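# Sequence plus the predicted model coming up.
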Amino acid sequence: MRLIGTIFAAILIFFGVLFIWGAFSPQGQWGWIIVGLISVFLGLGILFLAYRPKTKAGEQQTLKVQIDLPANVNLDTLKCQSCGGNLTMENIQLVAGSPVVNCPYCHSTYQLTEEPKW
């Protein structure tokens, strides 16, 4: 639907500019400017409607974040830094763009950091 709207809007804008340009020729009529402006504004309106966000006001969006680890990471189990308890993916959340661990055993919270490889 977006492609059809874009093509139709481009045709309207193209012919609108031609009407406006043709109005300034020696044989042109000033009424063509009005027709050209209407055509250009209709084309811009169609582009706006075609590319506006699909969500409604007050509607919540679901954001799925997938974290890809660099290089070859062999991770059998993730253990808490404080108590050594086994952690799962449910215990890791993204806070301000960084992964944060909430331990269900000792209730400690800390940020995951990537240690240097050397």
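In hand now; what should we look at? Numbers count the residues shown, from 1 in each chain.

# residue contacts, Cys106?
In this structure, Cys106 makes contact with Cys80, Ser82, Cys83, Gly85, judged by CB atoms under 8 Å, 6 or more residues apart in numbering. C-beta: built from backbone N, CA, C; applies to glycine.

# again, 6 Å this time
In this structure, Cys106 makes contact with Ser82, Cys83, judged by CB atoms under 6 Å, 6 or more residues apart in numbering.

# Phi first, then psi, for it.
phi -100, psi 0 (degrees, to the nearest 10).

# With Val100 instead?
Per degrees, to the nearest 10, the residue geometry at Val100, taken as phi and psi, is phi -120, psi 130.

# I'd like to know how far the residue nearest to the spatial centre of the chain sits from Ile13.
By CA atoms, centre = their mean, the mean C-alpha position of the chain lies nearest to Pro53, the distance being 9.1 Å. Using CB to CB, to the nearest Å, one gets 22 Å for the distance from Pro53 to Ile13.
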